[in-house]
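S.K.: Sequence first, then the predicted structure:
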Amino acid sequence: MIGRYLALTSAIAMAGVVAGIAAGQSAVGSKSATPGSVVVDEAAIAVHQPGPHDGGGDTTAFPFFANISDFKMAFRKRVLHKGSTIGYHLQDFDEVYYILSGTGEYTLNGGRRQVGPGTAMLTRPGDSHGLRPTGDGELVLIIAYPTPAQ
């Protein structure tokens, strides 16, 4: 189980690095063999926030590549601490949640289902969704979606 988690974490990190290369930006504060590459350590970008979409509670967000002006997607990790949620909201664009660890309840258009490690959820424009951790631990997920044209 731990090996699978580490392999997945490495694959997700690599996807972010490849996306940074495609973005054509130079890394801030780091040297790179490939022009435009960006490497980010999550410890340097952690931000404590309330649950998004009026979800409440305490979360930790890791907004990878948020300072890259021409990167056209959001790629972030979010930790939903016990008692926090991503509030139920109407979706305006495609959005993907991928559960890394913990268990939760995902609500889509009023229907509920349990989710856990390895579950991917694509929410399409016009659908409503929300997510909350269940059990005693935290719910850790990756979130990806296109950013609006600038």
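M.R.: Everything's here; your move.
S.K.: Could you give the number of residues near Pro106?
M.R.: Pro isn't right for residue 106; it's Tyr. Number of residues near Tyr106 (other C-beta atoms under 10 Å) recorded here: 19. Placement of C-beta: from N, CA and C, glycine included.
S.K.: How about Gly111?
M.R.: For Gly111, the number of neighbouring residues by other C-beta under 10 Å comes to 8.
S.K.: where's it relative to Tyr88, distance?
M.R.: Look at Gly111 and Tyr88: by C-beta to C-beta, to the nearest Å, they are 12 Å apart.
S.K.: For the chain, which residues score under the pLDDT cut-off?
M.R.: Residues of the chain that meet the criterion pLDDT under 70 lie in 1-35, 149-150.
S.K.: how about a cut-off of 50?
M.R.: Across the chain, the ranges flagged by pLDDT under 50 are 1-33.
S.K.: would you list every one of the strands in it?
M.R.: With DSSP state E as the definition, the chain shows strands at residue ranges 47-50, 58-64, 73-80, 86-90, 95-101, 103-108, 111-115, 120-123, 128-134, 139-146.
S.K.: Show me how far the second one is from its chain's centre.
M.R.: Meaning strand 58-64. Strand 58-64 has its average C-alpha position 8 Å from the chain's average C-alpha position, going by C-alpha atoms, centre = their mean, to the nearest Å.
S.K.: How about residues contacting it?
M.R.: Strand 58-64 is contacted from outside by 16, 40, 42, 45-52, 74-81, 83-84, using C-beta atoms under 8 Å, 6 or more residues apart in numbering.
S.K.: That strand pairs with which strands?
M.R.: strand 47-50 (antiparallel), strand 73-80 (antiparallel) (DSSP bridges).
S.K.: Go through the last one and flag the buried ones.
M.R.: Residues 74-80 are the ones in strand 73-80 that count as buried (16 or more other C-beta atoms under 10 Å).
S.K.: The nearest residue to Pro50 once chain neighbours are set aside: neighbouring residues, count only.
M.R.: Nearest residue to Pro50 in three dimensions, chain neighbours excluded: Gly56, at 6.0 Å (C-beta to C-beta, 6 or more residues apart in numbering). Residue crowding around Gly56 was assessed by other C-beta under 10 Å; the count is 14.
S.K.: can you put the strands paired with strand 58-64 in CSV and add distance to Arg124?
M.R.: Written out in CSV, the entries for the strands paired with strand 58-64 read as follows (distance: least, C-beta to C-beta, whole Å):
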stretch, distance to Arg124
strand 47-50, 25
strand 73-80, 16
